[in-house]
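Undergrad: what would the 3D arrangement of this be:
(3 chains)
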Amino acid sequence: MSHSGTVAAQPPVKMGLAIPNSKLCMWLFLGTEIMFFTAFIGTYLVLRLGSPGWPSDVADTHINVRAGGVNTFVLIFSSYLVVLAHESMLKHQFQKAWKLMCAVLFFGVVFLGIKSMEYKGKFDHDIVPGHIAENDAQALQKLVNEFSKSRDAMTNALITDDPKSEKKLSPAQKLVGLPQLISSESDTTKKDALKALGELRDATAQLKEGVRKDTLVLHTGTDHEVNPDITTKLEKFRTNEHTARYFTAHDPHPMVYGNVFASVYFLMTGFHAIHVIVGMILWIFPILRGAKLDASYTDWVENSGLYWHFVDLVWIFLFPLIYIVEFGSHAV
Amino acid sequence: MSAVHPTVGLSDHGHGHAGHHEIGFVGKYIFSKDHKVIGIQFLITTLLMLMVGGALALGVRFQLAWPWRAMPLVSQLTGGLFAAEGGQISPEFYTMLFTMHASVMIFLVIIPILAGAFGNFLIPLMIGADDMAFPTLNMLSYWFMWPAIACFGMSFTVNGLNAAPANGWTAYPVLSAVVQAAPGAGDAQTWWLFGLTLVGVSSMMGSVNYMTTIINMRAPGMTLFRMPLTIWSMFITAILQAFALPVLTAAGFMLVAERTLGFKFFVPGNLLINDAPATVGGGQPLLWQHLFWFYSHPAVYIMLLPAMGMVSDMLAAQVRKPIFGYKPMVYSMAAIAGLGFIVWGHHMFTSGMNPALGMTFMISTMMIALPSAVKVFNWIGTIWGGKVQFNTVTLNCVAFVSMFIVGGLSGIFMAAVPVDIYFHDTYFIVAHFHYVLFGATLFGCFGAIQFWYPKMFGRMMSERLGKLHFLLSFIGFNGTFFPMHLLGIAGFPRRYADPYIHPYMEHLMPINRFITLCAILMGIAQFILLFNFAFSFFAGKKAGRNPWNANGLEWSAPSPPGHGNFDVPPVCYRGPYEYSSPLSEGTDFLMQTDPLRHTGGVGNAGDGHH
Amino acid sequence: MSHEEHADHGHLYRFIFGLLCVFTAVSWLADECKEYIPGVWLLPIIVLGVAVMKALCVLLIFMHIKFERAWKYVLLAPTTILAIGLPLALLPDVGVHYYHMDVPQDPISDQAFEDLEPTSDAGHSSH
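TA: Modelled structure (predicted):
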């Protein structure tokens, strides 16, 4: 009994599930995505619960609950629009679906816009992983470094290299003859700028000396305020018209576990934002069909919709976890 | 289902040089979307990587047998590869050798040869589909392998030839997270992590594709419990990959961010390594171990289950008996997969993990022995009283079962916390996982290559060369890995470039020399396989559609199958294990496509043997 | 979901959307009056409970899980178990810190200041 090629044609029987392959694949892929974010959320929980003194005060973290809340609403509303778009596709109202998808794309942009404003707030306060001082010593060291960096930037901008010299001078070498340079300068604006540079240089040297000799303290008084010496210096160079352009020092703000906090914050919101972008790319394909959008895109819209809802779903958990929840400072 | 291909017959020309002209050479053999070509691409790639990984292992073995001696021939040929004096292996280079050996073998050989090569080739053929559900995705999953290989290659060379990743394939922080920690922990480790991520992306694309295909693309009549065990094992493997891999990918992203962007997840506070700056509030190194093993323990079953499935199919065909206990086989595979998700902590008994977790993981690990034993007894029950065909396939399958028993039993030792505390990081564990990964999985793969080669290329592989390869591999394998149990019990540690600096280990050097000689024998034996593979492609005996008189749907397709696989869309009438059935007249097998005697499902499968 | 069924879901979707807005307002409100919420665990329980409710709404209605056939259980059961199980298994190791904050800072930090003098050759790099 060998194989015969004469098997009678059978009526086609569909094995498996009564859903398209693409939808099944999307659901399976979403299963993997759930595990992907589970790893991040698990990491967050372990690091947060295991780090006594985790920064949760808004003054430390600059977490913006309103922005997060508005973004939650934006995503929920876009999800609702996605559902309507899919309904319209099923009812063959393709132009309505097209408009709805454009609106979804627009709200995706709004979400990313609000997100980037939040990120900008973080960057302005230098809440960036690896940048955050975690105790007073580190905060002062960081302050000195930032002062030096501003001073060097200003030095390089104001004092150019000697054109005859082949060798590039370091900022410190350029500063050597600063008093003579000031006295010989005729342009008054430049003269003032050089004077301001001299002040910045002196302030930097003072701070450095204070740190080295361990005489500089970050906090004074019983109410734990920042040393007025430091705040005046910061205020002075921030408001001075000549130094403001170059001055990049941040308020010293030590935060225990600040780096871990910033790491998980950027990790989770960053990967979520990447998923939003991927979702928006998925919407661009049917939108580009324009007036030619037809029923062949129904499955595409449904699957992209599933993905979009999933992105919404992740945000629904990230919002309370990152923006709201507090476990107290000494939770287990 | 595509139309019948007019020229496809029983000849071997489908993959020869005659080629069809409607798709160009590149489209047909390089960027092919045909699952069979992709499977063969995976197979050849992984066999080449097997030789690379083997060469790295021989470097490790040489150092342990003749420490600090310059490797004959190799050191002259490679010149600058060994920075230490006189071409000897430096301690750093030794750590890189074993790190990259494991990385290559696990990520570029074992996982892709099972899921990539055999999964791709067999799934559509065995379920009667014309191709995968998403051919383009399938093609991408192969072509993500090469960037991964390139990344692993970069990790060898980016910091100079002496600075590959050097912290083991597990990449535990802090060694892997702090750039200053090891010579290879600079950019090389980052490249390694990129390679890992790319392998993950490749596996991910493969796994969702396999699941969709198996669920939705089966031929009419191919109910779930008429699927061959190979398909069940591939399906369960795909599930494991889909749910475990994202966790490793996430952890990999975290580690890359920690290494390159200043993020903090794993490095504890106030830790000083060389001149790296210290932080105050730090991360938790154990977190990586948890996330890593959450993937990598299920990955152990990803590296084993497909071989189990393939061996079940091959054994049944070679002993001319229905597989003993089909449904228990399926359920035990599912149980292994389910339990496989909750045992990862047994890799961490000595890591300082919470003891309560240690106890939990010990119990769940012990429980995995039950479904594994079910499978072993079922294989033995299948062989029992069968008409055993004495050929290369049978030999490799029997080797699979017996080596799996040894490897499985030594695993139970280490499942127990108190025993593991003694055995942890000794050669006992090295012996254990090589018995499972090489002894079981690779022997299963050798058998599978021999068994499905006629379907791939239309020609049989040489039996004589196959038996020679098996014999030398089997002797070399046992000579290499069995003495490692003894080394482990004697306390010989893994990952030491020179354990003999401890006087109590000096007397173990003769055993190590014996092991190395056996390893060299085993390495040489693999050239026989490569030669057989290439030689049979041109000179092998021509195979008909069904050279093994087996039942699966793939044997009703031409050898090699043309584009679209089947002349006629196949219909499945029964389970795949109807061997020696009284219903078959004159033969001892009943193909799944045979409509003449309608025997129903697998329920009848057990009736046939006398 | 067959094609006849989908016509009537407009009201349901609108209702669910409203519900989601209300839930968002509740969690925002909980954040606003968090000083008045007693204990450490009540606030997380409230907001995470609300999040679970919202997730169920999206999953069941927007993602059509309510209308799908039995395959949804096969898909979602293992996912849910693993997604909950992984964080739970991580929790016993919470707080395992080998190095504590009272360990003194390293001596290298002092050296970092040595080359910051403006008059010397200050080729330093901050951070």
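
Undergrad: ok, the residue of chain A at minimum distance from chain B - contacts?
TA: As assessed by Cβ to the nearest Cβ, chain B sits closest to A:Gly130 within chain A, at 2.2 Å. C-beta here means a position set from N, CA and C on the backbone, and glycine is covered the same way. A:Gly130 makes contacts with A:Asn259, B:Leu261, B:Gly262, B:Phe263, B:Lys264, C:His127, as judged by Cβ atoms under 8 Å, 6 or more residues apart in numbering or on different chains.

Undergrad: now do A:Leu28
TA: A:Leu28 neighbours (Cβ under 8 Å, 6+ apart): B:Val208, B:Met211, B:Thr212, B:Ala242, C:Leu75.

Undergrad: could those go into TSV alongside neighbour count, pLDDT and distance to B:Gly439?
TA: Output for the contacts of A:Leu28, formatted as TSV (neighbours: other Cβ atoms under 10 Å in any protein chain shown; pLDDT from 0 to 100; distance: Cβ to Cβ, whole Å):
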residue	neighbour count	pLDDT	distance to B:Gly439
B:Val208	26	95	31
B:Met211	26	95	29
B:Thr212	27	95	33
B:Ala242	23	93	28
C:Leu75	17	86	35
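
Undergrad: among those residues, which ones are in helices?
TA: Among the contacts of A:Leu28, DSSP state H puts B:Val208, B:Met211, B:Thr212, B:Ala242, C:Leu75 in helices.

Undergrad: could you give the number of residues near residue 67?
TA: In the absence of a named chain, chain A is used. Burial of A:Ala67 is recorded as 15 neighbouring residues (other Cβ atoms under 10 Å in any protein chain shown).

Undergrad: um, chain C though
TA: With other Cβ under 10 Å as criterion, C:Phe67 counts 14.

Undergrad: if we can go back for a sec, pick out the lowest-pLDDT one from the contacts of A:Gly130.
TA: Scanning those for pLDDT, the low point is C:His127. It has 38.

Undergrad: returning to that earlier point: contacts with chain A among the ones in helices among the contacts of A:Leu28, please.
TA: B:Val208, B:Met211, B:Thr212, B:Ala242, C:Leu75 (Cβ under 8 Å from any Cβ of the partner chain).

Undergrad: tell me how far the third one lies from B:Gly206.
TA: Summarising the geometry, the distance separating B:Thr212 from B:Gly206, computed by Cβ to Cβ, to the nearest Å, is 11 Å.

Undergrad: buried sites along stretch B:116-136?
TA: Neighbour-count burial for stretch B:116-136 flags B:116-135 (criterion: 16 or more other Cβ atoms under 10 Å in any protein chain shown).

Undergrad: do that stretch and chain C meet at all?
TA: No. Using Cβ under 8 Å from any Cβ, stretch B:116-136 never reaches chain C; the gap is at least 15.4 Å.

Undergrad: tell me where the chain has helices.
TA: No chain was given, so I picked chain A. According to DSSP H, the helices that chain A contains are A:21-49, A:58-61, A:65-90, A:94-124, A:136-158, A:171-174, A:178-184, A:188-212, A:228-239, A:258-289, A:298-318.

Undergrad: the intended chain is chain C.
TA: Counting by DSSP H, the helices of chain C are C:10-32, C:42-57, C:71-90, C:108-112.

Undergrad: deepest in the core, which of those helices is it.
TA: Among the helices of chain C, helix C:42-57 has the highest mean neighbour count (mean count of other Cβ atoms under 10 Å in any protein chain shown), at a mean of 19.

Undergrad: got the contact list for that helix?
TA: A:76, A:313, A:316-317, A:319-321, A:324-327, C:16, C:19-20, C:23-24, C:26-27, C:30-31, C:34, C:37.

Undergrad: what does stretch B:506-523 give?
TA: With Cβ under 8 Å, 6+ apart, stretch B:506-523 has contacts from B:54-55, B:57-58, B:61-62, B:64-66, B:472-473, B:475-481, B:483-484, B:486-487, B:490, B:492, B:499-500.

Undergrad: again, 6 Å this time
TA: The contact list for stretch B:506-523 (Cβ atoms under 6 Å, 6 or more residues apart in numbering or on different chains) reads B:54, B:58, B:61, B:64-65, B:473, B:476-477, B:479-480, B:483, B:487, B:490, B:492, B:500.

Undergrad: remind me which residues of the stretch 201-350 of chain B are low pLDDT?
TA: Along the stretch 201-350 of chain B, segments meeting pLDDT under 70 span B:274-281.

Undergrad: for the residue in it that chain A sits nearest to, which non-adjacent residue is spatially closest?
TA: Closest approach of the stretch 201-350 of chain B to chain A (Cβ to the nearest Cβ) occurs at B:Gly262, with a separation of 2.2 Å. Nearest-residue entry for B:Gly262: A:Gly130, 2.2 Å, with adjacent residues in sequence omitted and distances by Cβ to Cβ, 6 or more residues apart in numbering or on different chains.
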